[in-house]
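Asks: The following comprises the amino acid sequence and a computationally predicted model.
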Amino acid sequence: MSSIARGTLRPSRILLHLVLLAVLAGMVFPLIYMLVLSLRTQTADFSSFWRLLEGPFSLANYVDVLDAGPFDRYFLNSLLVGAAVTAGNVLFCTMVGYALARRHIPGKAFWLVTVIAVMMIPPQVVMIPLYRMMVAFGWINTYWALIVPTLVTPFGIFLMRQYIMNLPREIEDAARIDGAGDLAILFRMIMPLSKPMIVVLAVYTFLTNWNTFLYPFLFTNREDLRTLTVGLTFYLGNQSIDWGHLMAGASISAIPVIILFVAFQRQIIQGMTAGAVKG
């Protein structure tokens, strides 16, 4: 009976896998096209994708891009800012999320509504007040202006709060009976139990910060403080027709994002699945 059931389900599973493969091909094809285009010279035939595959291929475009400006400095700036912002969001969003989920604090409902309301405000609305604040602090053309404004985000707070609310309270009660304080419970119990969602928050925060352009462009005008997105934008402005160099620069910017997703894809899927199951 079970073999018959499996036999009846097999065509549907094959169809499902074919649909998923088609969706995957549609998502991966632009990346492949970008990579192939970045390996061809300006004299290549761009009339079709199949003509591009005829070769020859070369890394000359990448060498030219890296020689055209201090892209190594841009890369390190983006890496430094992204790592600092990600670490801050993981720590502070988890702490605030734990307080809103577990602790009895005055006006907790008000603070939660405030967090949700801030999520609805477009970043362009606070652009001018935030810029004036950075000027008042003397942080223009400093790493502080690139890190501090996004060191904690309402989305991260809400995400961690929702996840921590579904963790069993019995473990915390047992720890309090043993004499553990709030910080011990947070760092020794809540954070390890929240590892899947912390990975999701960390990857999301890093990717968002890695790809951001508005604030790094607004708060810095020195070349040695430019992030990769800003530096690449200035480079692309001078390469409006040279598709090989354009795609080489875009590929350099996309490589860390792809590596990060491949390295943590299991944790990302686990965290997103756990969040969906737990509400």
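Replies: Sure thing, it's come through. Here the structure is a predicted model, which means the values were calculated and not measured. Numbering: from 1, shown residues only.
Asks: Next up, the contacts around residue 207.
Replies: 257, 260 (Cβ atoms under 8 Å, 6 or more residues apart in numbering). C-beta coordinates here come from the backbone N, C-alpha and C atoms, glycine included.
Asks: Give me the neighbour count for residue 218.
Replies: 16 (other Cβ atoms under 10 Å).
Asks: Can you tell me how far residue 66 is from residue 37?
Replies: For residue 66, the distance to residue 37 equals 17 Å [Cβ to Cβ, to the nearest Å].
Asks: These two: who's more crowded?
Replies: Taking other Cβ under 10 Å, residue 66 and residue 37 do not tie; residue 37 has more neighbours (20 against 15).
Asks: Spell out the secondary structure type for that one.
Replies: Going by DSSP: H, G, I helix; E, B strand; the rest coil, the secondary structure assigned to residue 37 is helix.
Asks: Could you report the pLDDT at it?
Replies: Listed pLDDT for residue 37 reads 79.
Asks: give the contact list for it.
Replies: For residue 37, the contact set (Cβ under 8 Å, 6+ apart) comprises 46, 52, 243-244, 247.
Asks: Report the distance from stretch 222-230 to the chain centre.
Replies: 19 Å (Cα atoms, centre = their mean, to the nearest Å).
Asks: try stretch 198-212
Replies: For stretch 198-212, the distance to the chain centre is 3 Å (Cα atoms, centre = their mean).
Asks: count of neighbours near residue 252?
Replies: Using other Cβ under 10 Å: residue 252 sits among 18 other residues.
Asks: ok, it touching residue 65?
Replies: Yes. Using Cβ atoms under 8 Å, residue 252 is in contact with residue 65, at 6.6 Å.
Asks: wait, residue 75 sits on residue 229?
Replies: No. If you go by Cβ under 8 Å, residue 75 and residue 229 don't touch, sitting 10.8 Å apart.
Asks: which is the next helix or strand following the helix or strand containing residue 203?
Replies: Assignment of secondary structure by DSSP states H and E places residue 203 within helix 195-211. Moving toward the C-terminus from helix 195-211, the next helix or strand (DSSP H and E) is helix 214-219.
Asks: For that following helix, which helices and strands make contact with it?
Replies: Contacts defined by 3 or more Cβ pairs under 8 Å, 6 or more residues apart in numbering; DSSP states H and E place helix 214-219 against helix 127-137, helix 143-147, helix 228-237.
Asks: Show me how this structure divides into domains.
Replies: Listed domain ranges for the chain are 1-58, 67-277 (source: automatic domain parsing).
Asks: most tightly surrounded among these?
Replies: Of all the domains of the chain, domain 67-277 carries the top mean neighbour count, a mean of 16, counting by mean count of other Cβ atoms under 10 Å.
Asks: give me the low-pLDDT residue ranges for the stretch 1-150 of the chain?
Replies: Regions of the stretch 1-150 of the chain meeting the criterion pLDDT under 70 cover residues 1-9, 42-48, 55.
Asks: Right, I'll call it a day here.
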